[in-house]
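S.K.: Quick one, fold the following:
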Amino acid sequence: MRVGLYFDLRNPGRWRRDPASLYAGFLDLCVEAERLGLDSIWVTEHHGFDDDYLPAPLTLLAAVAARTERIRLGTGVVVGPLHAAAEIAEQAAVVDILSGGRLELGLGAGYRPTEFALYGSDIRTRYAANDARAREIRELWQSGAVTPSPVQQRLPIWMGYLGPKGARRAGTLGEYLLSADARIWPPYRDGLLAAGLDPSHGRMAGGVQAWVTDDPDRDWPLVRTHLAAQVDSYARHSVQGTDRPMPRPVDPDRLRANEPRTSLNYFFFGTPAEVAARILDYTAGAPVDSVYLWAGLAGMDEALVARHINTIATELAPLLRTGGAQATIPLEAGQEHR
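M.R.: Alright, predicted model coming up:
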């Protein structure tokens, strides 16, 4: 299993930094992640967040491409319905060229009405539009209608779907699935079969909500503060432009205790062995070949983020790459791993 990092460049007011310093520090962290042997860097897209969430993932990855040589570069995700297929195809090709063929293009349908309004797109057709973007981008590259072409003969496209319906559609498109949740492997496999593809063609990867530490008691008070800020920001912005009430503040301790049901309702926290065991359980039985973790949480000090990256690279990644031979957590009576 390959292991990577996830960044969103958010800059909340409570811990606000000079944006130029924040972005320069991010590039330095990417260089360090490559030096430590990590496999990938993933960045994502949102618009109009009050904490300056990253709006331009492919632009940012072009800068990472210029500073690195080996590490894979992924979008988790570009919101497909907000952009023309030709725009995504051209920008992705440029990043692939700059990086020498290291881009992984993740496409997602989006969910925030304010973003669709900002871009003049129709939120009601977002899933069909996102599926169409994948097909259109493939055709634009294959036909030569956009130039230049990517370096990779078949640049990986990952469909950012987290539920069974989307997983099946990713399979019928013949693309990879950007989710590490083994529970949606069966519908993804069914979609591949429906498209006449061998299920061995399928690949899954995705983000895991987690923090790894050699001293959980020391780190949890600080991690829970930044975790609450991050999850509350997602919840607050998710209801903008709707008539839904403002969500109640999250309880980080409950997130830590939860088993995963959705992408944000859990948080694996513990030692490298404990987190490795949870990740391997979460991905068991599915063709998950890569996972990525938050390098840091909203507003975290760069030194703490750098320490976390080091722990991921030197202690967690070896366990995941070897199938977790040493990654064990105690089971309570009657408990079994999925």
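
S.K.: Helices along this structure, start to end?
M.R.: For the chain, the helices defined by DSSP state H cover 19-35, 57-67, 85-98, 113-119, 126-143, 164-173, 185-194, 216-238, 252-257, 272-283, 302-311, 317-321.

S.K.: Residue 244 is nearest to which of those helices?
M.R.: helix 216-238 (8.2 Å; CB to CB). For every residue, glycine as well, the C-beta is placed using N, CA and C.

S.K.: Which residue is the nearest non-sequential neighbour of residue 234?
M.R.: residue 264 (6.2 Å; CB to CB, 6 or more residues apart in numbering).

S.K.: scratch that, residue 260
M.R.: That would be residue 266: by CB to CB, 6+ apart, it lies 4.2 Å from residue 260.

S.K.: One more: residue 74?
M.R.: residue 104 (3.8 Å).

S.K.: That neighbour and residue 78 touch, don't they?
M.R.: No: Residue 104 lies out of contact with residue 78 (CB atoms under 8 Å); the separation is 11.1 Å.

S.K.: check contacts around the residue nearest to residue 234.
M.R.: 209, 231, 234 (CB atoms under 8 Å, 6 or more residues apart in numbering).

S.K.: Equivalent analysis for residue 114, please.
M.R.: 47-48, 240-241.

S.K.: Determine the number of other residues adjacent to residue 144.
M.R.: 9 (other CB atoms under 10 Å).

S.K.: er, residue 155 actually
M.R.: Residue 155 has 20 nearby residues by other CB under 10 Å.

S.K.: Now for it: which residues touch it?
M.R.: Contacts of residue 155 (CB under 8 Å, 6+ apart): 92-93, 96, 103, 105, 141.

S.K.: Scan these and report the most crowded one.
M.R.: residue 105 (32 neighbours).

S.K.: what sits against residue 50?
M.R.: Contacts for residue 50 (CB under 8 Å, 6+ apart) come out as 13, 233, 237.

S.K.: Which members of those are classed as buried?
M.R.: For the contacts of residue 50, a burial check counting by 16 or more other CB atoms under 10 Å picks out 233, 237.

S.K.: check contacts around the nearest residue to residue 233 once chain neighbours are set aside.
M.R.: The shortest distance from residue 233 to any residue other than its chain neighbours is 5.7 Å, reached at residue 51 (CB to CB, 6+ apart). Residue 51 makes contact with 10-13, 233, 298-299, according to CB under 8 Å, 6+ apart.

S.K.: List only those of the residues you listed flagged as buried.
M.R.: 10-12, 233, 298-299.

S.K.: Which pair of those spans the longest distance?
M.R.: 11 and 233 (11.2 Å).

S.K.: Present the contacts of residue 50 as CSV; the columns should include pLDDT.
M.R.: CSV is the format used below for the contacts of residue 50 (pLDDT from 0 to 100):
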residue, pLDDT
13, 97
233, 97
237, 97
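
S.K.: nearest to residue 29, of the contacts of residue 50?
M.R.: Checking those one by one against residue 29 (CB to CB), the nearest turns out to be residue 233, at 20.8 Å.

S.K.: which ones are touching the closest one?
M.R.: 10, 12, 49-51, 298.

S.K.: Now flag whichever of these is closest to residue 312.
M.R.: Comparing these against residue 312 with CB to CB places residue 298 closest, at 18.0 Å.

S.K.: And for residue 13, nearest residue in space, chain neighbours not counted?
M.R.: Leaving out its chain neighbours, residue 13 is closest to residue 51 (CB to CB, 6+ apart), at 7.2 Å.

S.K.: Equivalent analysis for residue 55, please.
M.R.: Nearest residue to residue 55, sequence neighbours excluded (CB to CB, 6+ apart): residue 47, at 5.1 Å.

S.K.: Then residue 245?
M.R.: Excluding the flanking residues, the one nearest residue 245 by CB to CB, 6+ apart is residue 239, at 7.2 Å.

S.K.: wait, isn't that neighbour in contact with residue 247?
M.R.: Yes: using CB under 8 Å, residue 239 is in contact with residue 247, at 6.7 Å.

S.K.: Burial check on the closest residue to residue 192 other than its chain neighbours, number of neighbours?
M.R.: Nearest non-adjacent residue to residue 192, counting by CB to CB, 6+ apart: residue 171, 4.0 Å away. For residue 171, the count of nearby residues is 26 (other CB under 10 Å).

S.K.: wait, what's in contact with residue 171?
M.R.: Contacts of residue 171 (CB under 8 Å, 6+ apart): 177, 187-195, 197, 202.

S.K.: Next one, pLDDT for the closest residue to residue 103 other than its chain neighbours please.
M.R.: In this structure, residue 103 finds its nearest non-sequential neighbour in residue 96, 4.3 Å apart by CB to CB, 6+ apart. Residue 96 carries a pLDDT value of 98.
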